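[1] Next input, structure requested:
(one chain, ligands or ions: 2)
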Amino acid sequence: MLSYETRPAIGQPAPPADHLPISPPTSNTMANGTSQISKPETKYHHIWLITGPAGCGKSTVAQSLANAMDLPFIEGDEFHPPANVEKMSQGIPLTDSDRWDWLTQLREEALRRLSAGSEGVVLTCSALKRKYRDVIRVAPYYSHDVLVHFVYLHAREEVLIERVQSRKGHFMGASMVHSQYSILEAPGADETDVIRVDVSGSMEEVEREALAKVHEALQES
Ligand SMILES: Nc1ncnc2c1ncn2[C@@H]1O[C@H](COP(=O)(O)OP(=O)(O)OP(=O)(O)O)[C@@H](O)[C@H]1O
Ligand SMILES: O=C(O)[C@H](O)[C@@H](O)[C@H](O)[C@H](O)CO
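    Ligands and ions are numbered 1, 2, ... in the order given. Below you'll find the predicted structure:
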């Protein structure tokens, strides 16, 4: 299990200055009388967003990461309004306007969990386009000690079609996988908050790789 340092809850009444989640820069007086700004110490709360097209394994990987890190898991699909679920059940792809409020709600729910005291949260969200990811990237504007990470799960379309075909009891049919690929904007090299995981292998391999990469990102933050 990965461990986090103990951090103050975000969104709480202002703590004493020496407990600020992000310490202000400190000024040291040098021997020659000039002052030097030292690098502020940063302590973060993390939003881990598990992304990718239908059937890439978001729920499976998110649950496994949440268990391994002992963090709450938010299933993004549970935040779709009934009209969206109805559309997808009928094989009708969502539009941008169907998704805006849903994306904002996911960001708010993640921040709510963090402000309630959680040190991180694992969230599923297809986040197929860059502008959708940007909605989540706004989170640190509201809570400065939050770091957003995307775990982008990718594989060939045929692999995901096959997986969705053999999945039972889910509103998302295999016919929808193609529509998701047709609008997918795979994260670009300049999206430096993205961890990429190839999900073509077995569940065990994928879960191991995802956890190792998340651990690495935690060490670097
Ligand atoms: N690496 C894997 N190898 C084989 N099967 C997998 C793998 N990962 C997930 N699956 C299976 O593929 C199906 C899709 O996985 P899952 O439901 O986690 O994907 P999802 O991205 O959450 O899908 P959706 O976006 O439609 O909700 C499930 O039946 C799951 O058990
Ligand atoms: O943006 C979207 O079109 C939706 O979020 C879909 O990705 C589905 O919710 C998901 O694939 C089913 O679980």
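[2] Which residues are in contact with residue 44?
    7, 145-147, 221 (Cβ atoms under 8 Å, 6 or more residues apart in numbering). From N, CA and C alone the C-beta is placed, and that goes for glycine too.
[3] show me where pLDDT drops low in the chain?
    The chain contains residues with pLDDT under 70 at 1-42.
[4] between the contacts of residue 44, which is closest to ligand 2?
    For these, the closest approach to ligand 2 (Cβ to the nearest ligand atom) belongs to residue 146, at 22.1 Å.
[5] which residues touch the residue nearest the centre of the chain?
    Per Cα atoms, centre = their mean, the C-alpha nearest to the average position across the chain is that of residue 49, at 1.4 Å. By Cβ under 8 Å, 6+ apart, the contact list for residue 49 reads 123-125, 127, 133, 136, 148-151.
[6] now swap in residue 155 and tell me
    With contact set as Cβ under 8 Å, 6+ apart, residue 155 has these partners: 56, 198-200.
[7] and what of residue 177?
    53-55, 157, 160-161, 164.
[8] for those, which one is nearest residue 98?
    residue 54 (14.8 Å; Cβ to Cβ).
[9] so that closest one touches residue 175, yeah?
    No - taking contacts as Cβ atoms under 8 Å, residue 54 lies outside contact range of residue 175: 10.0 Å.
[10] before we move on, which element is residue 121 in?
    strand 120-124 (DSSP states H and E).
[11] just to revisit the earlier point, ok, what's across the strand from the residue nearest to the centre of the chain?
    Beta-bridge partners for residue 49, by DSSP bridges, are residue 123, residue 150.
[12] How many residues are close by the nearest residue to residue 129 once chain neighbours are set aside?
    Spatial nearest neighbour of residue 129, excluding adjacent residues (Cβ to Cβ, 6 or more residues apart in numbering): residue 185 at 4.8 Å. Applying other Cβ atoms under 10 Å, we find 13 residues neighbouring residue 185.
[13] and residue 185, how far is that from residue 124?
    Per Cβ to Cβ, to the nearest Å, residue 185 is found 18 Å from residue 124.
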